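J.: have a look; sequence and predicted model below, questions after that.
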Amino acid sequence: MSSTTAQICDPSRSSSVISRSRAPRSTRTSRTEECVIPTTRLIRGRKPADPRTPRLRKRQGKGTDPAASPRGLLVPGTTVTTEIGGVGHHVLVTTTPSIPQCIEGDCLDVLASLDEGAASLIYADPPFSTGGVRRGTSRGVEAGRELAYEDRFESPDAYLDFLGSRIEAMHRVLASDGAILIHVDWRTSHRVRCILDDVFGPDRFVNHIIWHYGLGGSSPTRFARKHDDILYYARGEERWFDPPLVPATSRRLAGSLKKATDVLDIPAINNMARERTGWPDQKPLALLDLLVRACCPPDGLVIDPFCGSGTTLEAAMRSGRRAIGIDRSSAAIEVARDRLETCGLESGQG
């Protein structure tokens, strides 16, 4: 495995980045090997990697956790009950750190039950406030079942209040060298960036990433909308980053790789794709795989507060990261758990 070096960003920026130097092409470990070989990296300002399963922080007087050890750690292979937002939830404690946990509930309440500074990366794909109901059809165990979620808010201010309080909760859970990726679109990206500036600080802005998904029709009255926005902010002055490589597009460099820019050309999932679960607005695994590998250290914890069908969780699982997924839809949690079970069997972890 390659060594870890610290690189300082542009002097006009106050954040520094912890970046990994790459081994020569002939000796570099393959992506597949990276998924199964445990790695421990010393990152400035952090302790060595801790392989423990992520733990929930119980509020005093709430929740019963008979499976917990005397020190409060959750015992792998057991189910515990914890009270989140006044409702009891059964949470499966996985047998290995690489199997993600799925928690049903409002992320505002669930995040409040997690340890402060626990997450290395938060990827959030919240409702876009489209004004409608997003619908899909299950392709999993219960094929043909309608999958849907409400994407309506009383007003733009109501949406911003909804998202703003949850971004504040995400900020608390992030580690000092952690980062957040908020996935939005043209309707709200400018307003959400103002919230992030307020919560994280404008000097913590890293990138405004464009996901160019390509699919969709054209418009006779305007330029066709073919992209989403991903707002990338750091929690503190330091953050971990491993520049992702993508295929070069120029004819001269055909067949070689180059460092990715802030425009990611990754097609949206088509209707016949094997990875499609039927969950509305499902994001492609290739997109989340790139983001997780680039922005989360191998020993880190990824949290997805609006996990939907579990794409982020599968990306974390396949790359050896720990992960927690949260969604208030019971249907989404069922789809995600079914997907992760299938993924675990395919990778030999089931």
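T.: Structure received.

J.: every contact and neighbour count from this point should use C-alpha atoms.
T.: Fine.

J.: for this protein, what helix or strand is lowest in average pLDDT?
T.: helix 31-36 (a mean of 35; mean pLDDT, DSSP states H and E).

J.: what are the buried residues along the helix or strand encompassing residue 210?
T.: Residue 210 is part of strand 205-212, with elements assigned from DSSP states H and E. The neighbour-count check on strand 205-212 (16 or more other Cα atoms under 10 Å) flags 205-206, 208-212 as buried.

J.: same question for stretch 175-193.
T.: Buried residues in stretch 175-193 (16+ other Cα under 10 Å): 175-185, 188-189, 192-193.

J.: list just the nearest of the residues you listed to residue 221.
T.: Residue 221 has its nearest neighbour among these in residue 185, at 19.2 Å by Cα to Cα.

J.: tell me the contacts of that closest one?
T.: Residue 185 makes contact with 128, 227-229, according to Cα atoms under 8 Å, 6 or more residues apart in numbering.

J.: distance check, it against residue 130.
T.: 10 Å (Cα to Cα, to the nearest Å).

J.: got it, and residue 178?
T.: Here residue 178 is placed at a distance of 30 Å from residue 130 (Cα to Cα).

J.: swap in residue 203?
T.: Residue 203 is 30 Å from residue 130, where distance means Cα to Cα.

J.: next, the buried residues of the host helix or strand of residue 338.
T.: Residue 338 belongs to helix 330-346 when elements are defined using DSSP H and E. Neighbour counts over helix 330-346 (16+ other Cα under 10 Å) mark 331-341, 343-344 as buried.

J.: does anything pack onto that helix? Which helices or strands?
T.: strand 101-104, helix 311-318 (3 or more Cα pairs under 8 Å, 6 or more residues apart in numbering; DSSP states H and E).

J.: between it and helix 311-318, how big is the angle?
T.: Relative orientation of helix 330-346 and helix 311-318, computed by axes from the mean of the first three to the mean of the last three Cα atoms, to 10 degrees: 20 degrees.

J.: now, among the buried residues of helix 330-346, which is nearest to residue 306?
T.: Ranked by distance to residue 306 (Cα to Cα), those are led by residue 332 at 9.3 Å.

J.: which residue is the nearest non-sequential neighbour of that closest one?
T.: In space, residue 332 comes closest to residue 308 once its chain neighbours are excluded; the distance is 5.0 Å by Cα to Cα, 6 or more residues apart in numbering.

J.: so what's residue 162 up against?
T.: Taking Cα under 8 Å, 6+ apart as the test, residue 162 contacts no residue whatsoever.

J.: where does it fall, helix, sheet strand or coil?
T.: Following DSSP: H, G, I helix; E, B strand; the rest coil, the label given to residue 162 is helix.

J.: and the buried residues of stretch 175-193, which of them are in helices?
T.: Per DSSP state H, helices hold the following members of the buried residues of stretch 175-193: 189, 192-193.
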